[in-house]
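J.: Take a look and give me a structure for this.
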Amino acid sequence: MSRITIYMASLWFISGCSVQDDPERVSDAVASIGGVDPNGVDPNGVDPNGVDPNGVDPNGVSLNGVDPNGVALNGTALGVALSGPPLAGAGLVGSTWTGRLSDGRSVALRIDAAMQGTGTNADIWSYQFSVSADGTFRPLCRIQTGPDSFADSVPGTWNLAQGVVGGGSYTASASQFTIVCRHSAIGECLELGYKPWTGNARELASCVRALRADYCGNGTPYTVTGTLVNLFDDKGIQTDTTAWTPEAEWTPDGALCVSKKKATRFDEVLGERPSCYPHALKPQKSCGTGFSGGAVVITELAPQ
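T.: Residues are numbered from 1 along each chain as shown. Have a look, this model is predicted:
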């Protein structure tokens, strides 16, 4: 079981071309971080990945790439891992990469510091990224400070569109990966244990839909940042330890059902009915009581 926080911005995917190192001496700081509390309840939100692209419209621009490669501080060529997290190890501090925006522009990315997760998240390395589209490097996750200024790397990509078929969908990939700030929906779900490299890609995709309250599975969120939500899954990675009210059952394609209108975030919090309710998204008394019909994740809300 988990209680989660999410915010709102664009997804970023690393490109395959390397860039020249910035002459500025970058930090070689290495710290240690823990994961998200595995049995806590946190506020949710609508941000897929929390990246602030420094003046680039966060709701319409993504950073797309194939076969990522970079350049280490000493000039050595780098490549991402084909198994496990795409980026791992303190040796990546100082490396530079090229990102290609969906509007055709290129941006330079630099890793300034590294932190390794602890416990069950020891396989996750988080990094402080800087981004430059004009020769000046600025923090990629600049809207946060401390550990939340770091970003994780996740294999695959997300569709950023909203209100259309395929919006918000996750596509697994060994040649593309996504950079996600730790406080974002994808970052939260990854650190909850939903890691593609451990066979939990469906749980990751379903968790992101659930935290963003993307009921219709078209990329449109129906929640407000800061709403408390309890989340658990079909594999027992997160377990249910509360007596909260069932809200919905989730798959990588959105919500299968909701328990009842008055026990949903779109009613209690946003006050706006999703376009798919109640025709495709139907209220069911038994919704949220079991993982039937392909459900992967269940959400619950605090009793009113």
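
J.: So what's the gap between stretch 161-169 and the chain middle?
T.: Put simply, stretch 161-169 sits 16 Å off its chain's centre (C-alpha atoms, centre = their mean, to the nearest Å).

J.: Tell me the bridge partners for the closest residue in space to residue 282 that isn't next to it in sequence.
T.: Nearest residue to residue 282, sequence neighbours excluded (C-beta to C-beta, 6 or more residues apart in numbering): residue 257, at 5.8 Å. C-beta coordinates here come from the backbone N, C-alpha and C atoms, glycine included. Taking DSSP bridges as the rule, residue 257 bridges to residue 249, residue 282.

J.: Contacts only, for the closest residue to residue 165 other than its chain neighbours.
T.: The shortest distance from residue 165 to any non-neighbouring residue, by C-beta to C-beta, 6+ apart, is to residue 218 (6.5 Å). The neighbours of residue 218, taking C-beta atoms under 8 Å, 6 or more residues apart in numbering as the test, are 161-168, 254, 275-276.

J.: if you set the cut-off to 7 Å instead, what comes out?
T.: Contacts for residue 218 (C-beta atoms under 7 Å, 6 or more residues apart in numbering) come out as 162-165, 167-168.

J.: tell me the pLDDT at it?
T.: pLDDT for residue 218: 95.

J.: Tell me the spacing between it and residue 247.
T.: Applying C-beta to C-beta, to the nearest Å, the value for residue 218 to residue 247 is 19 Å.

J.: what does residue 194 give?
T.: For residue 194 relative to residue 247 (C-beta to C-beta), the value is 18 Å.

J.: cool, residue 120 as well?
T.: In this view, residue 120 and residue 247 are 26 Å apart by C-beta to C-beta.

J.: Tell me which of those two has more neighbours.
T.: Under the neighbour definition other C-beta atoms under 10 Å, residue 120 and residue 247 were set side by side, and residue 247 has more, 27 against 16.

J.: so what's that one up against?
T.: Residue 247 sits next to 258-259, 263-265, 288, 299-301 when contact means C-beta under 7 Å, 6+ apart.

J.: That one - nearest residue in space that isn't next to it in sequence?
T.: Nearest to residue 247 is residue 299, by C-beta to C-beta, 6+ apart, at 4.5 Å.

J.: Send over the helix or strand encompassing the one you found as PDB, restricted to the C-alpha atoms.
T.: Using DSSP states H and E, residue 299 falls within strand 297-301. Output of strand 297-301 as PDB, limited to C-alpha atoms (Å, rounded to 0.1, in the frame of the first residue of the first chain):
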ATOM      1  CA  VAL A 297      -3.700  -1.600  -9.500                       C
ATOM      2  CA  ILE A 298      -6.500  -0.600  -7.100                       C
ATOM      3  CA  THR A 299      -6.900   2.800  -5.600                       C
ATOM      4  CA  GLU A 300      -8.700   3.800  -2.400                       C
ATOM      5  CA  LEU A 301      -9.700   7.200  -0.900                       C
END
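
J.: Doesn't residue 179 lie inside a strand?
T.: Yes: the assignment for residue 179 (DSSP: H, G, I helix; E, B strand; the rest coil) places it in a strand.

J.: hang on, isn't it packed against residue 128?
T.: No: the pair residue 179 / residue 128 is not scored as a contact, 11.2 Å apart, by C-beta atoms under 7 Å.

J.: Of these two, give the one with the bigger neighbour count.
T.: residue 179 (28 against 22).

J.: Return the set of residues that bridge with the more buried one.
T.: On the basis of DSSP bridges, residue 179 is bridged to residue 12, residue 153.

J.: In strands only, show me the contacts of residue 218.
T.: Of those, none are assigned to strands by DSSP state E.

J.: Among the residues you listed, which one lies nearest to residue 72?
T.: Of all the contacts of residue 218, residue 72 sits closest to residue 168, with 34.7 Å by C-beta to C-beta.

J.: residues in contact with the nearest residue in space to that closest one that is not next to it in sequence?
T.: Excluding its sequence neighbours, the residue lying closest to residue 168 (C-beta to C-beta, 6+ apart) is residue 219, at 3.4 Å. Neighbour list for residue 219: 159, 161-164, 167-168 [criterion: C-beta under 7 Å, 6+ apart].

J.: how about a cut-off of 8 Å?
T.: By C-beta under 8 Å, 6+ apart, residue 219 lies in contact with 159-164, 166-169.
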